[in-house]
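Peer 1: Need coordinates for the below:
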Amino acid sequence: MPKDEPNEYIEPRFVPLKIIYEDNYLIAVHKPSGMLTHNTFGGNHSLENALAGYFYPTPYVFRGVNRLDKDTSGIVIVAKDSLIASILSEQIKKGDFKKYYKAIVCNTPPSKHGIIEQPIKKESDISIKRIIDSSGKQSKTEYFLEKTLSNNLSILSYILHTGRTHQIRVHSAFIGCPLYADKLYGQEIEGKTFCLCAYKLELTHPISKQRLILTTDLDENLL
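Peer 2: All right, here's what the predicted structure looks like:
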């Protein structure tokens, strides 16, 4: 593969990183809540900046395979060259790249296991909020009750069978269990943000063809 030219606009940031897995082809990193995946708005507080620091002074181009919202924590896979990125992107399209989440929610769901199939669409062209609407895109979320906590809170795990924006947050609110401190779909709590984590990823290694199962922890300290 041709050598990458470094992105001169991405400032390396030298911060501790929790590395879940790394080899010559890809790296899996735990992105904390509050950190952007991409350096979209300038500054140097993204995972892209942190990985530029991790690989410094080697020329580095960020090729994130999956993306997490700023306030969502969990595993992000980053390919080390364009071929690996392309192979893993095809896995995502074919459904071979499995993503599992956990969240702290308000209340207890109606059953310990359930499947939510409700179509989702944007509330309006100028809003980031999503709503349940019959004209929306087909969306399917499977959930499991993992643990009940004090203060009428619970931990749910999720399997996403589709990948709509805010899908877990919208579907959890639909069954009466909005994410704790989710001001968009539940109740705002000053100084807090919601606790949602991509805690497990399953993928086929693009070179060895072995199945990788990578895990990390839900940060309950956000409560």
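Peer 1: Identify the single longest helix in the protein, thanks.
Peer 2: In the chain, with assignment by DSSP state H, the single longest helix is helix 82-94.
Peer 1: now that helix, how far from the chain's geometric center?
Peer 2: For helix 82-94, the gap between its own C-alpha mean and the chain's C-alpha mean amounts to 17 Å (Cα atoms, centre = their mean, to the nearest Å).
Peer 1: tell me the mean pLDDT over that helix?
Peer 2: Averaged across helix 82-94, the pLDDT comes to 93.
Peer 1: what are the ranges of the helices in the protein?
Peer 2: Listed in chain order (using DSSP H), the helices of the chain are 47-55, 82-94, 167-174.
Peer 1: which one of those helices lies closest to residue 15?
Peer 2: Taking Cβ to Cβ, helix 47-55 is the member of those nearest to residue 15, at 5.3 Å. C-beta here means a position set from N, CA and C on the backbone, and glycine is covered the same way.
Peer 1: mind listing what's buried in that closest one?
Peer 2: By 16 or more other Cβ atoms under 10 Å, the buried positions in helix 47-55 come out as 47-54.
Peer 1: who's in contact with the most centrally placed residue in the chain?
Peer 2: Central residue check for the chain by Cα atoms, centre = their mean: the C-alpha nearest the mean position is that of residue 68, 3.5 Å away. When contacts are counted by Cβ atoms under 8 Å, 6 or more residues apart in numbering, residue 68 is found next to 31, 37, 74, 76, 198.
Peer 1: Next, find the distance separating it from residue 198.
Peer 2: 6 Å (Cβ to Cβ, to the nearest Å).
Peer 1: For those two, list the residues in contact with both.
Peer 2: Taking Cβ under 8 Å, 6+ apart as the criterion, residue 68 and residue 198 both touch 74, 76.
Peer 1: just to revisit the earlier point, ranking the contacts of residue 68 by neighbours, who comes first?
Peer 2: Using other Cβ atoms under 10 Å as the neighbour definition, the contacts of residue 68 reach their maximum at residue 74, which records 28 neighbours.
Peer 1: Is that one in contact with residue 197, as I believe?
Peer 2: Yes: using Cβ atoms under 8 Å, residue 74 is in contact with residue 197, at 4.5 Å.
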